[in-house]
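> got a sequence here, can you model it:
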Amino acid sequence: MTEEYNDRFDEFFEQVKQNKSYDSKKIEKAYMLARDAHKDQRRRSGEPYIMHPVAVAKILFDFGMDNECIIAALLHDVVEDTKYDLDYIQKNFGETVALLVDGVTKLGQIPLSTREEVQAENIRKMFIAMNQDVRVIIIKLADRLHNMRTLQHMPPYKQREKSLETLEIYAPIAHRLGIRAFKEELEDLAIRYLDPIAYKEIENNLSMKKEEGEVFLADIKQQISDKLIPIMKNCQITSRVKSVHGIFRKVYIKGKNFEEIYDIYAVRIIVDSMIDCYNALGIVHDMFTPLPGRFKDYISTPKPNMYQSLHTTVLSKQGIPFEIQIRTWEMHRTAEFGIAAHWKYKLGKGGKDNFDTSLQWINRMLETGNAAEDAVDMVTTIKGDLSIEEIFVFTPKGDVKSLPKGATVIDFAYAIHSAVGNKMVGAKVDGRIVPLDTKLKTGQIVEVLTSNQQGKGPSRDWLNIVRTGEARSKIRSWFKKERRDENIVQGKEQLVHEFKRNFIRFEDNQYEAFVQKIAERQHFSTIDDFYAAIGYGGIQISRLMPGIKDEYNRNWAKKEEPTVQPINKVEQVHRESKSSGGVIVEGIDNCLINMARCCNPLPGEQIIGFITRGHGLTIHRRDCKNVPVDITQSPEPERWVKARWDGNIKVDARSTLNVYAIDRDGVVLDITTTLAAAHIKIHSINARPINDGNCLTTLTLSVNGKEHLENVIKMLNRIQGVYLIERSDL
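All right, here's what the predicted structure looks like:
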């Protein structure tokens, strides 16, 4: 195949042709279509775009994925970015390939207002497709892996955005599916961009120990080989150094010194049978001193992602700690490739039940997602439930339940069954009665105390206690079903309260018509259904209020004459306008000026005014989502007036920042100290932990303009552990 550039397909295709289990003609046909579809497209690096789908297909080929998976990988961006549609793919490559391509394809131009909502809807679509065919997520992981490998060509803000999403969603999914190779590389690449200083420090520490580490591991492997090989013929002994992200978590999140990490070095022993695993364990414990409390038996108690292995940490004769992992060959395939290994080795060989059991968490995630009407809530729930840090607790009968770290006894009850959670009145942990907000730890035995008394059920307070989206979803479902009348009353009270707080008032005959319109916009057929959703927590009314208030001001507020009248264009041109509140409005003097809360405009940014009946003039940023791109096409163009900042007057404005950082001791103190030293006034500050050892600090500050705010952000970015800062009003 002659071509003006090398997209590396030829060398990949030679490997495909040597493997008779692949349909090389169909794979070549998919490549030719993708090459034609992407012929005019380039990546950020300047390389032809076709290099990306070829690289993704090669990653999946190396993982031993099947024919349809390779074809779908070559075509995965065709529907999203080119003229070819899904029907064309289906006609030429079959229904299964079309399903895989559709599952990986992002949603089109959907009318969602925030990046979080778009992200949530794309994730929801991906999970639905995963539920039909798990190969969707394996293709998506390979796609994300290649994008992360080439992330250096993206602008810095995109690097941080993609890396954070990778760390919060894709690496945990790879962990849940047991695909260690994907998980570790995704984590390491994400940390390289989120905290490059820490990444470099760990790399330097590892490189300093590299030579002595190689000598040490070679000696240990030889000692173990001398003992095991004569007894276990088909035995392989390998070694590895802990991943950068694994060390990062222990040093920068858990606060350990580099020397306190006992599993930087690890030796892996692979044998034929389970009996050989335990025999090998006895031999290595006889050779080296085992460290107390560092033995884990994942063979008798496998992890939810099917991982099985014996782990023990021992001391060498030189006093150096290292980890030993012992497993069979089949366990090793699962440990390395997870669900990908089971796709190849288990399906059709009597392993379907185990395969389905290992994917039950996808169903639970989907149930949770469908119950959450708010898209932003859904993505938060998914991030929390996918948390890599898990705990393993036991029922009194010895059954194991895995839960995310921080889960309570209520989460445990709902993990058993929704009926158990709904009837729960108390709990015992290791035989002792504990409060319902008790957080569980690995190894504890939990007994749920229930009551069949009529009228008993969960408390609304539990929604603030539970950690898992599954428990939260089941509690809301109970209230939705069992307490409808109560939900309607509570929901109406909440709505009326929010209306009063936002100065939304109606004549008696207007109220119901207005609420009906809002309810229909949220896809509810009746007002009572809308009230009930607010009452049981399915909708957070505070999130809807900016849109409700805008609808009220535009179409429902009492029709009074504007307190400020726009004057004709001729007068505006010839009249010298005076500044009011630091803003100059063409043709209008000394009017009441309000800054829009939806976008919090700052001096230095382009602005525009909107005449609000009875409330003066509201100033928006020109790129605010509530400002029409073309004013002339808006419902009332005459109410929009030109405005600009008065450069001669200093104005203090408020701006709210979300500061994402590693959750370490003193990070909030460093933030406040930095701002105090720069004489920045803080109006409010709220810090809270989020998933996976990170924290979010929300600050409302006084700044005198756009440039001032940019300088503040630069100062905060220098604080150790801070990896992302966003304006919450953007």
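> give me the number of residues near Cys598?
Neighbourhood size, Cys598 [other CB atoms under 10 Å]: 18. (Each C-beta comes from the backbone N, C-alpha and C, glycine too.)
> what of Gln494?
17.
> could you report the distance from it to Ala676?
Gln494 is 38 Å from Ala676, where distance means CB to CB, to the nearest Å.
> also Ala533?
44 Å.
> for Ile608, same thing?
Taken as CB to CB, the span from Ile608 to Ala676 is 35 Å.
> which of these two has more neighbours?
Shown here are Ile608 and Ala676; by other CB under 10 Å, Ile608 has more neighbours (22 against 11).
> a strand runs through that one, doesn't it?
Yes. Remark: Ile608 belongs to a strand, assigned using DSSP: H, G, I helix; E, B strand; the rest coil.
> residue contacts, it?
Ile619, His620, Arg622, Val627, Ile631, Trp640, Val641, Lys642, Ala643 (CB atoms under 8 Å, 6 or more residues apart in numbering).
> burial check on the closest residue to the second one other than its chain neighbours, number of neighbours?
I take that to be His620. Counting by CB to CB, 6 or more residues apart in numbering, the nearest residue to His620 once its immediate chain neighbours are dropped is Ala596, at 4.5 Å. Residues contacting Ala596 under the criterion other CB under 10 Å number 22.
> kindly report the same for Asp102.
The number of residues packed near Asp102 is 19, by other CB under 10 Å.
> same question, Ile416
15.
> contacts for stretch 137-150, please.
Stretch 137-150 is contacted from outside by 43-45, 52, 55-56, 59-60, 63, 65, 69, 72-73, 76, 100, 103-104, 126, 130, 162-163, 166, 170, 173-174, 177, 179, 182, 185-186, 189-190, 339-340, 343, using CB under 8 Å, 6+ apart.
> just the ones of the residues you listed in helices?
Judged by DSSP state H, helices contain the following of the contacts of stretch 137-150: 52, 55-56, 59-60, 69, 72-73, 100, 103-104, 126, 130, 162-163, 173-174, 182, 185-186, 189-190, 339-340, 343.
> show me what contacts the residue nearest to His620?
With CB under 8 Å, 6+ apart, Ala596 has these contacts: Phe610, Thr618, Ile619, His620, Arg621, Cys624, Asn626.
> what does Ala653 give?
Per CB under 8 Å, 6+ apart, neighbours of Ala653: Met595, Asn600, Pro601, Leu602, Pro603, Ser702, Val703, Asn704, Gly705.
> circling back to that earlier point, restricted to buried residues, select the ones in helices among the contacts of stretch 137-150 in ChimeraX.
Only the buried entries of these go into this ChimeraX selection, using 16 or more other CB atoms under 10 Å:
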select :52,55,56,59,60,69,72,73,100,103,104,126,130,162,163,173,174,182,185,186,189,190,339,340,343
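> just give me the neighbour total for the nearest residue to Ala55 once chain neighbours are set aside.
Nearest non-adjacent residue to Ala55, counting by CB to CB, 6+ apart: His146, 4.7 Å away. Applying other CB under 10 Å, we find 19 residues neighbouring His146.
> next: Glu80.
Counted with other CB under 10 Å, the neighbours of Glu80 add up to 13.
> what's the answer for the one 10 residues further on, then?
When neighbours are defined as other CB under 10 Å, Gln90 has 16 of them.
> can you list the buried residues in the strand or helix carrying it?
Assessed by DSSP states H and E, Gln90 sits inside helix 86-93. Applying a neighbour-count criterion of 16+ other CB under 10 Å, one finds Tyr88, Ile89, Gln90, Asn92, Phe93 buried in helix 86-93.
> farthest pair in the contacts of Ile608?
The largest separation in these, counting by CB to CB, is between Ile619 and Ile631 at 14.8 Å.
> of those two, who's got more company?
Ile619 (23 against 16).
> what secondary structure does the more buried one sit in?
strand.
> so Phe248 is in contact with Asp195, correct?
Yes. Under the criterion of CB atoms under 8 Å, Phe248 makes contact with Asp195 at 7.4 Å.
> where in the chain is the helix or strand with the lowest mean pLDDT?
Lowest by mean pLDDT, DSSP states H and E among the helices and strands of the chain is helix 569-574, with a mean of 38.
> now do the longest helix along the chain: distance to the chain's middle.
The helix of greatest length in the chain, counted in residues with DSSP H as the criterion, is given as helix 196-228. Remark: helix 196-228 is offset 33 Å from the chain centroid, using CA atoms, centre = their mean, to the nearest Å.
> that helix - contacts with which helices or strands?
Applying 3 or more CB pairs under 8 Å, 6 or more residues apart in numbering; DSSP states H and E, we find helix 196-228 packed against helix 180-194, strand 236-241, helix 244-248, strand 265-271, helix 274-287, strand 321-328.
> so which bits of it are buried?
Buried residues in helix 196-228 (16+ other CB under 10 Å): 198-199, 201-202, 205-206, 213, 216-217, 220-221, 223-224, 228.
> put together TSV for the residues you listed, with distance to Ile719 and pLDDT on each row.
Output for the buried residues of helix 196-228, formatted as TSV (distance: CB to CB, whole Å; pLDDT from 0 to 100):
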residue	distance to Ile719	pLDDT
Ala198	13	80
Tyr199	17	80
Glu201	16	80
Ile202	19	78
Asn205	22	73
Leu206	25	73
Gly213	33	79
Phe216	37	87
Leu217	37	87
Ile220	41	91
Lys221	43	91
Gln223	46	92
Ile224	45	92
Leu228	50	92
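> for Val434, state which of these is nearest.
Using CB to CB, the buried residues of helix 196-228 come closest to Val434 at Ala198, 37.3 Å.
> quick check, the closest one in contact with Arg192.
No. Ala198 is beyond contact range of Arg192, at 9.6 Å (criterion: CB under 8 Å).
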